[in-house]
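build me a model:
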Amino acid sequence: MDLSFERIFHPRRVAVAGVSTDGFGFGRGILLSLLEMGFEGELFPVNPRGGEIKGLKIYPAIEDIPGEIDFAVIAVAAEAVPETLAACRRKGAAGAEILSSGFRETGTEKGAALEEAVRVEAARGIRVIGPNCFGIYCPKSGLTMLPGPDLSRETGPVAFVSQSGGHAIDLAFLGKAVGIRFSKMISFGNGVDLRETELLKYLTTDPETGVIAMYLEGVTDGDAFFRALDEATRKKPVVIYKGGLSEAGQRAVASHTASMGGQALIWESILRQAGAVQTASMDELAGACLALSLLPRRPYRGVTVVGGGGALGVAACDTAEAYGLQLPPLTGEIFEAVQAVLPKPGSSAANPIDIANPYVPPQTLEKALTAAGQDERVDIQIMVPLLYHFKALAAMLGLPSIKEATPYEAMAEAGARAAAATGKPVCAVLPNPRRTLADLDVEVILREARDSFLKRGIPVFSSLAEAFSAVRHAARAARRLEGHPD
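The predicted model follows:
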């Protein structure tokens, strides 16, 4: 293991340069966020005026910190960054993240010169993340990016490398909500030193990482990146959202991180040839990461969909085909076994399996999933509990709230038991067309239900399209790992 990376992601002594004692600035904000996250190492705030913050002494200069440091967070004015970085190097730091902006992304000679000075200093023996970035989030060590005082400390298999700080912090918050758990997250901004290719190489060998996701605006060395990507996808799934593929997007990229976007067709060909999973949005990337982190590695093809309503079944068939998946019609003994447990009339055991109404007991869902899962053409099953209908049921039964009427815990348990009995993983789709202020109680139930499914290893999506997209990406990654890319 590269010891410099270990000291960067799991530091014990961290300097934070540019900490003010009042107001809000990046330095003060990241220090308070690290304290709120429960970073267990030593923190050394730095500001020429000295003073104290949250019981910590503020040192006038990096040189005044006693002993060596492992890592530094730099949030000073751009003009002061090169010398601050040099002081961190002299203090023994393995690396530093530079949150400050005002470099090459400004398009000015001054900004370019300052960035070159940072590059020169990095070459003298300190690894640099940034400038113009949000930094590192590492749940295991308690490092957090800006602004992230309340990110999850629960670790998981997904690593995310991003040129955009905004996309990084958004995915960190989204992951906390939808069940993605991270090993490491790096926002590298302008990427003066550490950037996409070297970070990809590191994560390929990182034992804490099982899935690599990336948001890229441009790369510095296309050949080197392609070689690293080709090697990475043979060992781990790699999911990439490439920004700046449209003409307007390329202009936005140039002003964001001073990168070259590249043509869509070329990128699509490169990513497919290398076996990476390409997504067209951050939401799609999140869905792929959720599926890849929870589902077994299999080349999924055949799917069953279990839910209420004939129109839902039609939509399932059309959507599955659009994502290259199949809904094999159930026949013979398996059809009879499913039909036997469904309520009458109005139900159908054909696949999609129409359970006729949303109030079918969870035991019925379990029996239907268990019977359908015996079909050898079925690789994965998707259940669609229409939980939003239970608000009306609660009113009809005179219950005080939707919670008393909604058996989401039992439904989640039913899905988990069916998956265990058949060896076929189960996903859940929890749609919600009720979105008025009067229906906030429905949203609460859906979020509680999501947590119940996730605790049992069942990924949850908001629509069939999201679910099918994620399953398709998981299947493609599995085929690549098996040596049979699309």
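
from now on I want contacts and neighbour counts done on CA atoms only, so please keep to that.
Noted.

and the next element down the chain from the longest strand along the chain?
In terms of residue count, the longest strand belonging to the chain (DSSP state E) is strand 155-162. Counting by DSSP states H and E, the next helix or strand C-terminal to strand 155-162 is helix 165-178.

flag every buried residue along that following helix.
G165, H167, A168, I169, L171, A172, G175, K176, V178 (16 or more other Cα atoms under 10 Å).

next, the contact list for the last one, please.
Each residue near V178 by Cα atoms under 8 Å, 6 or more residues apart in numbering is listed here: L290, R450, V460.

the longest strand of the chain vs helix 165-178, what angle?
160 degrees (axes from the mean of the first three to the mean of the last three Cα atoms, to 10 degrees).

pull up the pairing partners for strand 155-162, direction included.
strand 182-187 (parallel), strand 211-216 (parallel) (DSSP bridges).

got the contact list for it?
Residues contacting strand 155-162 (Cα under 8 Å, 6+ apart): 139-140, 168, 180-189, 196, 199, 203, 208-216, 289, 293.

average pLDDT for it?
Average pLDDT, strand 155-162: 98.

what's the closest of the buried residues of helix 165-178 to I69?
Nearest to I69, judged by Cα to Cα, of these is G165 at 24.9 Å.

how much space between that closest one and A276?
With distances taken as Cα to Cα, to the nearest Å, G165 is found 22 Å from A276.

just L32 next, same as before
Using Cα to Cα, we find L32 at a distance of 38 Å from A276.

who has more neighbours, the two?
A count of neighbours by other Cα atoms under 10 Å puts A276 above the other of L32 and A276, at 27 against 18.

give me every residue that touches P131.
Going by Cα under 8 Å, 6+ apart, P131 touches E97, I98, L99, S100, S101, F103, E115, F188, G189, N190, G191, V192.

tell me the bridge partners for the residue nearest to it when sequence neighbours are not counted.
In this structure, P131 finds its nearest non-sequential neighbour in I98, 4.6 Å apart by Cα to Cα, 6 or more residues apart in numbering. When bridges are called by DSSP bridges, I98 pairs up with I74.

heads up, I number from 276, so please use that
Okay, using 276 as the starting number, the last item reads as I373.

what is the burial count for I373?
27.

same deal with the one 3 residues further on?
When neighbours are counted by other Cα under 10 Å, S376 registers 21.

just checking, it touches A355?
No: counting by Cα atoms under 8 Å, S376 sits too far from A355 to count as a contact (11.5 Å).

now do I455 against L446, distance only.
Distance from I455 to L446, by Cα to Cα: 9 Å.

overlap in contacts, those two.
Counting by Cα under 8 Å, 6+ apart, the shared contacts of I455 and L446 are A561.

ok, back up a step: check contacts around the residue nearest to P406.
For I373, the contact set (Cα under 8 Å, 6+ apart) comprises V348, I349, A350, V356, V403, I404, G405, P406, N407, C408, G410.

what about 10 Å?
292, 347-351, 353, 356, 360, 393, 403-410, 463-465 (Cα atoms under 10 Å, 6 or more residues apart in numbering).

re the thing from before, how distant is the longest strand of the chain from the center of its chain?
In terms of Cα atoms, centre = their mean, to the nearest Å, the centre of strand 430-437 is set 7 Å apart from its chain centre.

could you do stretch 609-627 as well?
For stretch 609-627, the distance to the chain centre is 37 Å (Cα atoms, centre = their mean).

thinking again about what came up before, nearest to G518, of the buried residues of helix 440-453?
Nearest to G518 among the buried residues of helix 440-453: H442, at 10.9 Å, using Cα to Cα.

roughly how far is stretch 615-633 from the heart of the chain?
Centre-to-centre, stretch 615-633 and its host chain are 36 Å apart (Cα atoms, centre = their mean).

if you average pLDDT per helix and strand, which one of the chain comes out bottom?
For the chain, scoring each helix and strand by mean pLDDT, DSSP states H and E identifies helix 522-532 as the least confident one, at a mean of 47.

now the helix or strand just after that helix: average pLDDT?
Note on helix 522-532: by DSSP H and E, the next helix or strand toward the C-terminus is helix 539-549. Taken as a whole, helix 539-549 has a mean pLDDT of 89.

same thing with stretch 280-300?
Here the average pLDDT along stretch 280-300 is 94.

ditto for stretch 332-339
The average pLDDT within stretch 332-339 is 98.

stretch 728-736 now?
In this model, stretch 728-736 has a mean pLDDT of 98.

in that stretch, which residues are buried?
If you call a residue buried by 16+ other Cα under 10 Å, then stretch 728-736 has these buried ones: F728, L729, G732, I733, P734, V735, F736.

among those residues, name the ones in helices.
If you go by DSSP state H, those have F728, L729 in helices.

the buried residues of stretch 728-736 into CSV, with extra columns for distance to L672?
Supplementary listing: the buried residues of stretch 728-736 in CSV, determined by distance: Cα to Cα, whole Å:
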residue, distance to L672
F728, 26
L729, 29
G732, 32
I733, 30
P734, 31
V735, 28
F736, 29
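
does R303 lie in a helix or a strand, and which?
Using DSSP H and E, R303 falls in helix 301-312.

so what does that helix touch, helix or strand wise?
Judged by 3 or more Cα pairs under 10 Å, 6 or more residues apart in numbering; DSSP states H and E, the packing partners of helix 301-312 are strand 288-292, strand 317-321, strand 327-328, strand 346-349.

tabulate those strands (a markdown table), appending mean neighbour count and distance to D498.
Formatted as a markdown table, these follow (neighbours: other Cα atoms under 10 Å; distance: least, Cα to Cα, whole Å):
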| stretch | mean neighbour count | distance to D498 |
| --- | --- | --- |
| strand 288-292 | 25 | 35 |
| strand 317-321 | 22 | 40 |
| strand 327-328 | 16 | 47 |
| strand 346-349 | 28 | 31 |
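
I'd like the ones you listed laid out as JSON lines, including distance to S427.
Listed next are the helices and strands packed on helix 301-312 as JSON lines, based on distance: least, Cα to Cα, whole Å:
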{"stretch": "strand 288-292", "distance to S427": "20"}
{"stretch": "strand 317-321", "distance to S427": "20"}
{"stretch": "strand 327-328", "distance to S427": "24"}
{"stretch": "strand 346-349", "distance to S427": "20"}
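
neighbours around the nearest residue to G441 once chain neighbours are set aside, how many?
Leaving aside its chain neighbours, G441 sits nearest to F409 (7.9 Å; criterion: Cα to Cα, 6+ apart). By other Cα under 10 Å, the residues close to F409 number 31.

so F409 sits against A447, correct?
No: with contact taken as Cα atoms under 10 Å, F409 and A447 are classed as non-touching, separated by 11.9 Å.

what is in contact with the two at once?
Counting by Cα under 10 Å, 6+ apart, the contacts common to F409 and A447 are T419, M420, G423, G441.

which residues does the second one contact?
Put plainly, it is M420. By Cα under 10 Å, 6+ apart, the contact list for M420 reads 304-305, 308-309, 372, 374, 408-413, 426, 440, 443-444, 447, 460-462.
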